[in-house]
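Asks: would you be able to build a 3D model of this:
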Amino acid sequence: QHRCQHVSFGLVQGMKTRRGEVIFLEDVLNEVRSRMLQNMTSTKTTKEIQDPVETAEKVGLAALIIQDFRGLLSSDYQFSWDRALQSRGDTGVFLQYTHARLHSLEQMHGTAELTDVNVACLLEPDAISVLQHLLRF
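Replies: A predicted model of the protein is given here:
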């Protein structure tokens, strides 16, 4: 308890509920689940999954967390459901989809260590930067 500390943060503008100006976490979580589920069912590339509601909840929660962490903590920002739930760019949805694609590739091709990688083929600075980050792990 002595390690807990209040952290000031900016105002989140543009987030309103059907009940009025007071925003309840339960309402936000229900809304993100509902919107994400609707996005998933309307996207042609969505695969059939065991529990779409649970998946929508997890991906939606990631979207909210990433949206909240994108800016400076102390700055006010304008919240947008559309921006938070878009599937491209620096969003939680894109992060989750990228993780799922990587996991799928790993399942298809196994996890054997590569020993014959020629890193001299990497010429782009971004590719080299990614490789350097991976090597740290």
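Asks: mind listing what M36 touches?
Replies: Contacts of M36 were listed using CB atoms under 8 Å, 6 or more residues apart in numbering, and they are 56-57, 59-60, 63, 85, 93. C-beta here means a position set from N, CA and C on the backbone, and glycine is covered the same way.
Asks: buried ones in the one helix or strand H99 maps to?
Replies: According to DSSP states H and E, H99 maps onto helix 92-109. Using 16 or more other CB atoms under 10 Å as the test for burial, helix 92-109 gives 92-94, 96-97.
Asks: so where's this structure uncertain?
Replies: 1, 15-22, 45-46 (pLDDT under 70).
Asks: farthest residue from the center of it?
Replies: D116 (32.9 Å; CA atoms, centre = their mean).
Asks: could you pull up phi and psi at that one?
Replies: phi -110, psi 40 (degrees, to the nearest 10).
Asks: quick one: it from R136, how far?
Replies: 22 Å (CB to CB, to the nearest Å).
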